[in-house]
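Engineer: what would the 3D arrangement of this be:
(4 chains)
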Number of protein chains: 2
Amino acid sequence: MDLRKLRYFKVVADEKHIGRAAKVLHISQPPLTRQIQQLEEELGVTLFSRNPKGMELTDAGALLREEVRNIFSLIEQATERTQKAGQGRLGRMDIAIFGSGIMGDIPKMLLFFKERYPEVNIVLHTMGKGEQIKALRQKRISVGFNRLLAPLADISSELVSMEKLRLAISTKHPMASLEHIPFEKIREFPLVMYPTAGRPNFIDKTIRLCQLAGFTPDISQEVGDAVTGVALVASGFGACLVPESATVLSIPGVVYKPLSDTPDEAEVDLSCIYRNDDESPLLKAFLETLKEFRTIKDNRSLDELC
Amino acid sequence: MDLRKLRYFKVVADEKHIGRAAKVLHISQPPLTRQIQQLEEELGVTLFSRNPKGMELTDAGALLREEVRNIFSLIEQATERTQKAGQGRLGRMDIAIFGSGIMGDIPKMLLFFKERYPEVNIVLHTMGKGEQIKALRQKRISVGFNRLLAPLADISSELVSMEKLRLAISTKHPMASLEHIPFEKIREFPLVMYPTAGRPNFIDKTIRLCQLAGFTPDISQEVGDAVTGVALVASGFGACLVPESATVLSIPGVVYKPLSDTPDEAEVDLSCIYRNDDESPLLKAFLETLKEFRTIKDNRSLDELC
DNA sequence: CATCTTAATACTTTTAAGGTATCAATGAAT
DNA sequence: ATTCATTGATACCTTAAAAGTATTAAGATG
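Structural biologist: I've put the predicted structure just below:
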């Protein structure tokens, strides 16, 4: 079977006339006659009855005409979908986020992507840093969102945003009335820190920051994630350093205080990671959208300043 | 787009290896490489990632593979269905029957046909003789069942069966106790006859038969069909000549009596008519099945005699 | 480092699709 | 009744494209 024959058949069926059909197809009449004959021979079926005024479809021919319509529409769909997939506009993308990643820029970015690529199906998985890297290598995911990523040979990362830190303290604490808390006052709080897994992590970063500021933090408790940490603060466990985005989480008895006199690096990154041998157009589209998202975000914050 | 390319693509996708795929396809490797390159170029999409061990489908390629499966299955279906239609094993057949044709051999024959050609959709239309011929000429039907057909230039007919006549009389009539009624006793009954339309018809035939037997029948009433005729007999209108097949219709107060001492032609035919320029394989199949039906019917009646 | 395997390229041969000229059959017009 | 125009089919030639052969380039493997 040959699509050329089916295409020719369709035109002859429409025109009911070999000569006219040949003109429509921009070929001469004899090869068209032969193609139709070959098609009939191949199927073993008479598709047209030839009368001196032209050609008329037989019942079998009429049925084939319907089928041919479906075939062409299916082929058209297939090529379109394949092309979309090749441009990263169609497909499935598995993305990992960390526990408290459901807050802040990640959902904004994902929504932004989904608006631009509505036919890309995003599947979210919650996993820690080490698990994300493993899943990336096993190709179970294409992208992971995380913080404080150590460079790896086979994995690249792209910054999403930088976030300032805030200190979650009890509303009953004397400093709760202050506008800002100077960074070095952190030494006075027993700290609840997270996460316990995935080095280098936020705990390591905090310790380094405090040492830069000339003191060693009093880490009283380690927990798995920001939500648990802040919950402990509410219960009187001390203070907890969190990125700005986590402050959307409001818990009675806790206030988030901006820090003053902070070291330069008193910010934490939000990045996304991906295999650097990943040539997928979906990933390409995702990273491009991410850059666009960052630009728009920057402009918006400028706007907000004016 | 070209089915050859899709076929080749499918095999390469299965084998993940151009060389092996070429062997499966019984061609050499270079032309296969080129076909795949051309397909990618045509779609503007990279379908395979080439590594030194072979070829791996990209996401877009994997999607195309699924689509290609559907395309081939659709094409396969289309050819099969077209071939079936070409052999008269698939399609729609419009058949006309006359009013009392729902009794007797017609439904048997249609059932017989339907068993052999289950994918042929039979659509029945009830119409009189003249209407059938008109519908045949306008190609609204392919076959009509009727009796006593005058030969026509553009319409052929094929005998289905011959039926003896019986006389429907009231159970109250003195002759109701007889085993047979001699043909010439018909002169003693006022006759209810049918149909009123479509010459030559059963009425003409009856008149001729009676004249052959040496009398003129007393036609007291003309009605449209056998059912009405027999119903009138029940009400005391006299007698009604009906073909054997109509005797399945049992109405209280009416008995059907076989005739004795009948003229040779005291039988009525059941035939089917069709356009003699109709080359449709459906009709061919139908007529062949009809012949087969007649043969089986003959054998069966022989069996019944033994 | 040599060797093997992979897919890709250069060039030739073969196949098949397309073109030109013509025919046979049919129907319409003179 | 004969001519003429129109239909699809056939014979033969040309062109395009698919397949084959030989070879190359790039990685992997021992």
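Engineer: pLDDT at A:H26, what is it?
Structural biologist: On pLDDT, A:H26 comes in at 96.
Engineer: quick check: closest non-adjacent residue to the residue of the stretch 101-250 of chain A found nearest DNA strand C.
Structural biologist: Per CB to the nearest atom of the strand, A:K139 is where the stretch 101-250 of chain A lies closest to DNA strand C, at 20.3 Å. No exception for glycine: its C-beta is placed from N, CA and C like everyone else's. Residue nearest to A:K139 in three dimensions, not counting chain neighbours: A:R275, with 7.6 Å by CB to CB, 6 or more residues apart in numbering or on different chains.
Engineer: how many residues are close by A:Q29?
Structural biologist: Neighbours of A:Q29 under the rule other CB atoms under 10 Å in any protein chain shown: 15.
Engineer: could you do A:N70 as well?
Structural biologist: Counted with other CB under 10 Å, A:N70 comes out at 14.
Engineer: same question for A:E41.
Structural biologist: For A:E41, using other CB under 10 Å, the count is 9.
Engineer: and it, how far from A:S49?
Structural biologist: 16 Å (CB to CB, to the nearest Å).
Engineer: repeat for A:I203
Structural biologist: Taking CB to CB, one finds A:I203 at 85 Å from A:S49.
Engineer: out of the two, which sits in the more crowded spot?
Structural biologist: Under the criterion of other CB under 10 Å, the comparison of A:I203 against A:S49 puts A:I203 first, with 20 against 14.
Engineer: what's near enough to touch the more buried one?
Structural biologist: Contacts of A:I203 were listed using CB atoms under 8 Å, 6 or more residues apart in numbering or on different chains, and they are A:193-195, A:219, A:222.
Engineer: and A:K84, by the same measure?
Structural biologist: Contacts of A:K84 (CB under 8 Å, 6+ apart): A:90, A:119.
Engineer: what's the longest helix in chain A?
Structural biologist: Criterion DSSP state H: the longest helix present in chain A is helix A:59-86.
Engineer: give me the neighbour count for the residue nearest to A:K139.
Structural biologist: 19.
Engineer: separation between it and B:G104?
Structural biologist: 78 Å.
Engineer: under the pLDDT cut-off, which ranges of chain A? List them.
Structural biologist: Residue ranges of chain A with pLDDT under 70: A:301-306.
Engineer: which residues of it lie near DNA strand D?
Structural biologist: Proximity of chain A to DNA strand D (CB under 7 Å from any atom of the strand) is limited to residues A:17-19, A:29-30, A:33-34, A:36-37, A:50, A:52-55.
Engineer: for A:R50, helix, strand, or coil?
Structural biologist: Three-state assignment for A:R50 (DSSP: H, G, I helix; E, B strand; the rest coil): strand.
Engineer: can you map out the strands along the stretch 151-300 of chain A?
Structural biologist: Under the criterion DSSP state E, counting those that start in this stretch, the stretch 151-300 of chain A contains strands at A:155-170, A:181-182, A:190-193, A:218-222, A:240-243, A:254-260, A:267-275.
Engineer: name the residues that touch the fifth one?
Structural biologist: Spelled out, it's strand A:240-243. Contacts with strand A:240-243, where a contact means CB under 8 Å, 6+ apart, come from A:104, A:147, A:163-168, A:186, A:191-194, A:202, A:206, A:226, A:229-230, A:232-233, A:256, A:268, A:270.
Engineer: one more time with 7 Å, if that's ok
Structural biologist: A:163, A:165-168, A:191-192, A:206, A:226, A:229-230, A:233, A:256, A:268 (CB atoms under 7 Å, 6 or more residues apart in numbering or on different chains).
Engineer: ok, the residue nearest to A:L232 when sequence neighbours are not counted - contacts?
Structural biologist: Excluding the flanking residues, the one nearest A:L232 by CB to CB, 6+ apart is A:V192, at 4.7 Å. The contact partners of A:V192, taken as CB under 7 Å, 6+ apart, are A:220-221, A:223, A:229, A:232-233, A:237-238, A:240.
Engineer: and the residues you listed as a markdown table, adding neighbour count?
Structural biologist: Shown next, in a markdown table, are the contacts of A:V192 (neighbours: other CB atoms under 10 Å in any protein chain shown):
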| residue | neighbour count |
| --- | --- |
| A:S220 | 14 |
| A:Q221 | 16 |
| A:V223 | 18 |
| A:G229 | 27 |
| A:L232 | 20 |
| A:V233 | 27 |
| A:F237 | 19 |
| A:G238 | 21 |
| A:C240 | 27 |
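Engineer: would a markdown table of the residues you listed with distance to DNA strand C be doable?
Structural biologist: Listed next are the contacts of A:V192 as a markdown table, based on distance: CB to the nearest atom of the strand, whole Å:
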| residue | distance to DNA strand C |
| --- | --- |
| A:S220 | 57 |
| A:Q221 | 55 |
| A:V223 | 52 |
| A:G229 | 53 |
| A:L232 | 58 |
| A:V233 | 59 |
| A:F237 | 60 |
| A:G238 | 60 |
| A:C240 | 55 |
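Engineer: from the residues you listed, which is closest to A:S100?
Structural biologist: Comparing those against A:S100 with CB to CB places A:G229 closest, at 9.3 Å.
Engineer: mind checking the SS state of A:K114?
Structural biologist: Once three-state DSSP is applied, A:K114 turns out helix.
Engineer: wait, it touches A:L124, no?
Structural biologist: No. Applying CB atoms under 7 Å as the test, A:K114 and A:L124 come out as separate, 11.5 Å apart.
Engineer: number of nearby residues for the closest residue to A:K10 other than its chain neighbours?
Structural biologist: The shortest distance from A:K10 to any non-neighbouring residue, by CB to CB, 6+ apart, is to A:V68 (5.4 Å). For A:V68, the neighbour count with other CB under 10 Å is 21.
Engineer: what's near enough to touch A:V68?
Structural biologist: Neighbours of A:V68 in contact, by CB under 7 Å, 6+ apart: A:6, A:9-10, B:78.
Engineer: any idea how far A:P217 is from A:L241?
Structural biologist: Distance, A:L241 to A:P217, by CB to CB: 9 Å.
Engineer: what touches both of the two?
Structural biologist: A:191, A:206.
Engineer: the two - which one has more neighbours?
Structural biologist: Ranked by neighbour count (other CB under 10 Å), A:L241 and A:P217 place A:L241 first, with 27 against 20.
Engineer: now that one: how far from A:P258?
Structural biologist: 12 Å.
Engineer: repeat that for A:P31.
Structural biologist: From A:P31 to A:P258 the distance is 80 Å (CB to CB).
Engineer: of the two, which one has the most company?
Structural biologist: Using other CB under 10 Å as the criterion, A:P31 and A:P258 rank with A:P258 on top: 15 against 12.
Engineer: how about the helices in the stretch 201-306 of chain A?
Structural biologist: With DSSP state H, counting those that start in this stretch as the criterion, the stretch 201-306 of chain A has helices at A:202-212, A:226-234, A:281-305.
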